[in-house]
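>>> Okay, here's the prediction I keep looking at, along with the sequence it came from:
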Amino acid sequence: MRQNPRVTERLVHLVVDTGWDGLPATATHQARRSLMNFFAVALAGCRDATVETALATLAGFSGGSRATLIGRRERIDALAAAFINAAGANVLDFCDTHTPTAIHPTAPLAPALLALGELTPVSGRDLLLALVLGQEVACRVGLAMSPNHYNKGWHITATCGVFGAAAGCGKLLRLDTERMTWALGIAATQAAGLCECLGTPAKSVSVGNAARNGLWSALLAARHFAGPPEPLTGLQGYYHALGETPDLSRIGEGLGNTWEILKTSYKPYPCGFVIHPALDCVLDWRRSNPSAAVEKVVVTGNPLLALRADRPNIATGREAQVSVQHAVAAALLTGKAGPAEFTDACVQDAQITALRDRIAVARDETLSTIAAMVEIATTDGRVHRLSQQAARGSDLNPMTDRDLEDKLGAAAAQWDPRHDIAPLIDAIWHVEDAERIDALAGLTVPAA
């Protein structure tokens, strides 16, 4: 791949030159929806064992207490807060998804922006602008190499999310084009994350680092810490080092006119999004057939379903989040697919374990990642054929604003039923009116 100095330059100019008036209302509303969903999933995961361990480790090295930890009374330095809040938002696989790439764009981005907003004055309007632009950079970097990058085993949320965090924070710091380029270069040399870690706590390290390192990249660039002039397509740059042959047209096509945040979907279930259309099928079927006994099941989906979620032999709730066999078995036997169905206890349930062994996965390249077909054979000899073309929560079948409010309310009540989350919901819907956002994350913390 030849060096193309225009690739990074075009992304940089988009971020530096775009103001509030350059965004359509649809994009800014979607940014508010993404914030609503972010706070919901971060609250849901804020006391997960993975987060507790990470916090206990980082707290010993933190010399500051300027930044909020979502849902918790402890405070910590901004870089560590970005890490912890990103890890918490992604730990349950409950966060938003950019459908074309499978990037979870807000989890690495919003924590970095919120932490920076506690270090320096940031308005609500600037927060939304940075959120839209940061997602645009992360998703376009990913579009150029999807699906090959993910299929190789790179955790695209982390390897592209660090660019989004750097770009968004750079926008809040008002970096010029030179320093924004440096910020992306510093981010590029820190881009990492392996799909081999999915289903383990190690996954959270790369997502947390994407937020932390993106924020750090922008802070360094603001102090004239230089980077390469073409970090993406340089002769030894990001794409070349990863062994990618990117379709660079996907970075520039419609740039500044179409917005990737509008292709964001939000999850009704805390598991890999490729599993969701199958869950839609079996949950609907179970409601209509409450007493039917299941003999065996075949789930057919996009090849990414088999690649990422064909895992019948699991031992933990974390692994369950990327196991279509477990998700379908638990949904068929309990009629639900909430956080409780992806715990260690549910994984070890004898009936669910037995049914997992009778669920097969098939590939169909004609199906999108948000579609699936399910065949359920019951003990009475019948075969029930089900299909879902657009999973609930996907960009083609989206959750409503009220659905997202309810998701946030349920997450808050999970840890403290007395927690009044209404002020946070109101603040999110009206965030563009806020002169400062430094108190926004604090609304996630229950009163003493």
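Cool, got the structure.
>>> Give me the residue at the spatial middle of the protein.
H104 (2.5 Å; Cα atoms, centre = their mean).
>>> Do I have it right that it meets D96?
Yes - contact criterion Cβ atoms under 8 Å: H104 and D96 qualify, at 6.2 Å. The C-beta positions use only the backbone N, C-alpha and C, and glycine is treated the same way.
>>> could you pull out the helices for the stretch 101-250 of the chain?
Secondary structure of the stretch 101-250 of the chain (DSSP state H, counting those that start in this stretch): helices at 106-116, 124-143, 148-152, 156-172, 177-188, 203-222, 238-241, 249-252.
>>> quick one: which of those is nearest W259?
Among those, helix 124-143 comes nearest to W259, with 6.4 Å by Cβ to Cβ.
>>> That closest one packs against which elements?
Helix 124-143 sits against helix 6-17, helix 25-45, strand 97-98, helix 106-116, helix 156-172, helix 249-252, with contacts defined as 3 or more Cβ pairs under 8 Å, 6 or more residues apart in numbering; DSSP states H and E.
>>> okay, it in PDB with CA atoms only?
Taking C-alpha atoms only, helix 124-143 is exported to PDB below (Å, rounded to 0.1, in the frame of the first residue of the first chain):
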ATOM      1  CA  GLY A 124     -22.900  20.200  26.700                       C
ATOM      2  CA  ARG A 125     -23.000  21.300  23.100                       C
ATOM      3  CA  ASP A 126     -19.200  20.700  22.700                       C
ATOM      4  CA  LEU A 127     -19.700  17.300  24.300                       C
ATOM      5  CA  LEU A 128     -22.200  16.200  21.700                       C
ATOM      6  CA  LEU A 129     -20.100  17.600  18.900                       C
ATOM      7  CA  ALA A 130     -17.000  15.700  20.100                       C
ATOM      8  CA  LEU A 131     -19.100  12.500  20.500                       C
ATOM      9  CA  VAL A 132     -20.400  12.600  16.900                       C
ATOM     10  CA  LEU A 133     -16.900  13.500  15.500                       C
ATOM     11  CA  GLY A 134     -15.100  10.900  17.600                       C
ATOM     12  CA  GLN A 135     -17.500   8.200  16.500                       C
ATOM     13  CA  GLU A 136     -17.100   9.300  12.900                       C
ATOM     14  CA  VAL A 137     -13.300   8.900  13.000                       C
ATOM     15  CA  ALA A 138     -13.400   5.500  14.800                       C
ATOM     16  CA  CYS A 139     -16.000   4.000  12.500                       C
ATOM     17  CA  ARG A 140     -14.500   5.300   9.300                       C
ATOM     18  CA  VAL A 141     -11.100   3.900  10.200                       C
ATOM     19  CA  GLY A 142     -12.800   0.600  10.900                       C
ATOM     20  CA  LEU A 143     -14.900   0.700   7.700                       C
END
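>>> how near is the nearest residue to G243 once chain neighbours are set aside to N209?
Nearest non-adjacent residue to G243, counting by Cβ to Cβ, 6 or more residues apart in numbering: K152, 7.8 Å away. In this structure, K152 and N209 are separated by 19 Å, where distance is defined by Cβ to Cβ, to the nearest Å.
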